[in-house]
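> Give me a model of this one.
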Amino acid sequence: MKHRTVAGTILYTSRKPERLGQARGVEHFRFTHHHDGKVTLRAYCEIEDPDPTVLRDIVYSLDEHGAPMDCHVRVTVGDVFMGSGWFRFSPEAVECESFSPDLGRISQRVPLDAPLDGFVTHPVVCDGYLLSRLSWTVGQRRTLNMMLPSPDHRGASPPLIAWSRTDARYDGLEMITVAAGTFEARKFAFLDERAVANPHPPFEVWLTNDADAVLLQGGVGGYMQTWYELMDLSR
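Coordinates of the predicted model:
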């Protein structure tokens, strides 16, 4: 077949003093790079700590220009079905068809007055890949126009259209070593200082310095105190 596959596993660990280094979740991902330039990401995420637990399944596709095409999200919280949603993107609007036991069936259509920089699906590998699709210079900081399927920091709510305007900064190249090996990496940071309520703590990410832009490691400060590390990588 003509497509190319990139797959791996990211371990979530805690940096809280009382749980330092302990596993708190895992993310399994698979990118399919198609011959026509389109990309599909499949990600399965487990968050065990803190309670309630979160299980998330994502199937997310981007076009040959890195723009969102469609996404399916299914979320289980506390081992109970939370909701399932399908999102479709066009230059004019974002559409969502969603169902959850609490809200029932919901249809949404939100017009766009400017192109989206990306769709934040919540797997950390997708956060990194979103940044890689944009052009950067070292030290540059920009405000990203994004949407997401849940405003909850863990994505632990029924899938619905939500806006996010978050800053990001590119810090340059570093050589780093993780469980999956030693890599030249591009370092970025998400900075949610614009949020008036419930701001996300600063989130640093390191990506492979190539077209695949796989997340190698990342860390969130503030109340979350969590760390992400690539354990294995197959290309």
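
> biggest strand in the protein by residues?
Taking DSSP state E as the criterion, the chain has its longest strand at strand 162-178.

> Packing partners of it?
Contacts defined by 3 or more Cβ pairs under 8 Å, 6 or more residues apart in numbering; DSSP states H and E place strand 162-178 against strand 141-148, strand 181-191, strand 215-220, strand 226-234. Any C-beta I mention is one placed from the backbone N, CA and C, and that applies to glycine too.

> change it to 7 Å
strand 141-148, strand 181-191, strand 215-220 (3 or more Cβ pairs under 7 Å, 6 or more residues apart in numbering; DSSP states H and E).

> Contacts for it, please.
120, 131, 136, 138, 140-148, 150-151, 182-194, 206, 209, 216-217, 229-230 (Cβ atoms under 7 Å, 6 or more residues apart in numbering).

> Any of those residues buried? List them.
Among those, those classed as buried by 16 or more other Cβ atoms under 10 Å are 120, 131, 136, 144-148, 150-151, 183, 185-192, 206, 209, 216-217, 229-230.

> quick one: residue 139 and residue 172, what's the gap?
8 Å (Cβ to Cβ, to the nearest Å).

> who's more crowded, those two?
Remark: of residue 139 and residue 172, residue 172 carries more neighbours, 12 against 9, as counted by other Cβ atoms under 10 Å.

> pLDDT wise, what is that one at?
Here the pLDDT value assigned to residue 172 is 97.

> what bridges to it?
Residues in a beta bridge with residue 172, per DSSP bridges, are residue 187.

> let's have the chain start at 22 instead
Yep, numbering from 22; the last one is residue 193 now.

> what about it, distance to residue 238?
16 Å.

> Equivalent analysis for residue 151, please.
From residue 151 across to residue 238, the span is 17 Å (Cβ to Cβ).

> same check, this time on residue 246
15 Å.

> Then residue 98?
Taking Cβ to Cβ, one finds residue 98 at 26 Å from residue 238.

> cool, residue 47 as well?
Computed as Cβ to Cβ, the residue 47 to residue 238 distance reads 15 Å.
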